[in-house]
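Asks: give me the fold of what follows.
(one chain, ligands or ions: 1)
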Amino acid sequence: MTLWLLPFVFFIGAVIGSFINVLVIRSLTGEQFLWGRSHCDSCRRDLEWFELIPLVSFFALRGRCRTCHTPIDIMHPVVELLTASLFAWWFVIGFAFFQLTTQPLMIIQPGFWLLVGLLLLVIFLTDIQAYYIPDWATLMLSLMTLAYRFVLIGFGIYNPQSLAWALFGAALILFFFLFLWLITGGRGMGFGDVKLVFALGLLMEWPAMLVGIFLAFVYGAIVGVGVLIVSRQRRGVPIPFAPFLILGTATALMWGDSLLRWYMQFL
Ligand SMILES: [Zn+2]
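Replies: Numbers count the residues shown, from 1 in each chain. Sure, this is the predicted structure:
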């Protein structure tokens, strides 16, 4: 066990987290993605290297821009910490698991799941901040999942029939959401959610995707009722749906099959 690497992995996660902040902000403002230096969101001044150290800089600067003194968006340190924790968790949990696989899957498998986690984090963040799901993230998630499954089939450790079922199930859920979207006139959820469920369905596979989607509605209902109680007056508070889809997906990926088995014994 090379647990001494953990602080390093945590820091790499924080660096990727600050990159995700840039991706999210630039997805929302339509700015150039990869080129262009980081600048203060308020006075547009280019940032120096010592203002770009994830987590550390925020606390060293006491949460304010050095020149215009505008408070730095709290999302910066929060996302950096979240991503760093995701990396640490992936490293600790995955360690025993990754050793079971052989080359080159030893790289491909953990790499795939880490990228999936990061994409889901981006979608989660853009949706809670702006009710917006970037198409590039949804598309990348679908293509990556398909490519990954094809690689597994190529290595003979994945059944092509499972992929056919995953595609069939994802299409089924896509049409179900399209139907919901049409009858609610797009008020219940955005079209971005309709596209997203296809990608998530592929990821969860059949039949775990049924658990994931069902749980998304359960989580959404719980939070929706909570919001109604807290904000009594404002009735039509819009609640982004992608975060619940993502939490449902995460639950289904970890415990989908056991939850389904548990449920089936009552039938
Ligand atoms: Zn500034």
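
Asks: so what's V223 up against?
Replies: I239, F244 (CB atoms under 8 Å, 6 or more residues apart in numbering). (Glycine included, C-beta is placed from N, CA and C.)

Asks: now do Y148
Replies: For Y148, the contact set (CB under 8 Å, 6+ apart) comprises I108, F112.

Asks: and it, what pLDDT?
Replies: pLDDT, Y148: 95.

Asks: can you check I53 too?
Replies: 88.

Asks: identify the residues contacting it.
Replies: With the criterion set at CB under 8 Å, 6+ apart, I53 makes contact with A60.

Asks: tell me what the lowest-mean-pLDDT helix or strand in the chain is packed against?
Replies: Every helix and strand in the chain was compared by mean pLDDT, DSSP states H and E; the lowest is helix 75-98, with a mean of 85. Packed against helix 75-98 by the contact rule (3 or more CB pairs under 8 Å, 6 or more residues apart in numbering; DSSP states H and E) you find helix 6-29, helix 56-60, helix 105-130.

Asks: out of those, flag the one nearest the ion.
Replies: helix 56-60 (13.1 Å; CB to the ion).

Asks: show me how far that closest one is from its chain's centre.
Replies: 25 Å (CA atoms, centre = their mean, to the nearest Å).

Asks: keeping just the C-alphas, turn that helix into CSV.
Replies: The C-alpha coordinates for helix 56-60 follow below in CSV (Å, rounded to 0.1, in the frame of the first residue of the first chain):
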residue,chain,number,x,y,z
VAL,A,56,-3.8,27.7,-0.1
SER,A,57,-4.2,31.0,-2.0
PHE,A,58,-7.9,31.4,-1.0
PHE,A,59,-6.9,31.3,2.7
ALA,A,60,-3.7,33.3,2.3
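
Asks: buried ones in that helix?
Replies: S57, F58 (16 or more other CB atoms under 10 Å).

Asks: residue contacts, the residue nearest the centre of the chain?
Replies: Centroid-nearest residue in the chain: L120, 1.3 Å away (criterion: CA atoms, centre = their mean). Applying CB under 8 Å, 6+ apart to L120 gives the contacts L141, I246, T249, A250.

Asks: okay, those in JSON lines with neighbour count, secondary structure and pLDDT next?
Replies: Formatted as JSON lines, the contacts of L120 follow (neighbours: other CB atoms under 10 Å; DSSP: H, G, I helix; E, B strand; the rest coil; pLDDT from 0 to 100):
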{"residue": "L141", "neighbour count": "23", "secondary structure": "helix", "pLDDT": "97"}
{"residue": "I246", "neighbour count": "21", "secondary structure": "helix", "pLDDT": "96"}
{"residue": "T249", "neighbour count": "27", "secondary structure": "helix", "pLDDT": "95"}
{"residue": "A250", "neighbour count": "16", "secondary structure": "helix", "pLDDT": "93"}
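
Asks: just those now: which is nearest L267?
Replies: Using CB to CB, T249 is the member of these that sits closest to L267, with 24.0 Å.

Asks: tell me which element L146 falls in.
Replies: Using DSSP states H and E, L146 falls within helix 135-154.

Asks: measure how far that helix is from the centre of its chain, please.
Replies: Distance, stretch centre to chain centre, for helix 135-154: 15 Å (CA atoms, centre = their mean).

Asks: give the other helices and strands that the helix or strand that that helix is followed by contacts.
Replies: Note on helix 135-154: by DSSP H and E, the next helix or strand toward the C-terminus is helix 160-183. With contacts taken as 3+ CB pairs under 8 Å, 6+ apart, helix 160-183 sits against helix 135-154, helix 191-204, helix 208-230.

Asks: need those in a markdown table with distance to P77, can you?
Replies: Shown next, in a markdown table, are the helices and strands packed on helix 160-183 (distance: least, CB to CB, whole Å):
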| stretch | distance to P77 |
| --- | --- |
| helix 135-154 | 22 |
| helix 191-204 | 27 |
| helix 208-230 | 24 |
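
Asks: burial check on V230, number of neighbours?
Replies: For V230, the tally of surrounding residues (other CB atoms under 10 Å) stands at 9.

Asks: go on, I229?
Replies: When neighbours are counted by other CB under 10 Å, I229 registers 8.

Asks: give the contact list for P160.
Replies: I153 are the contacts of P160 under CB under 8 Å, 6+ apart.
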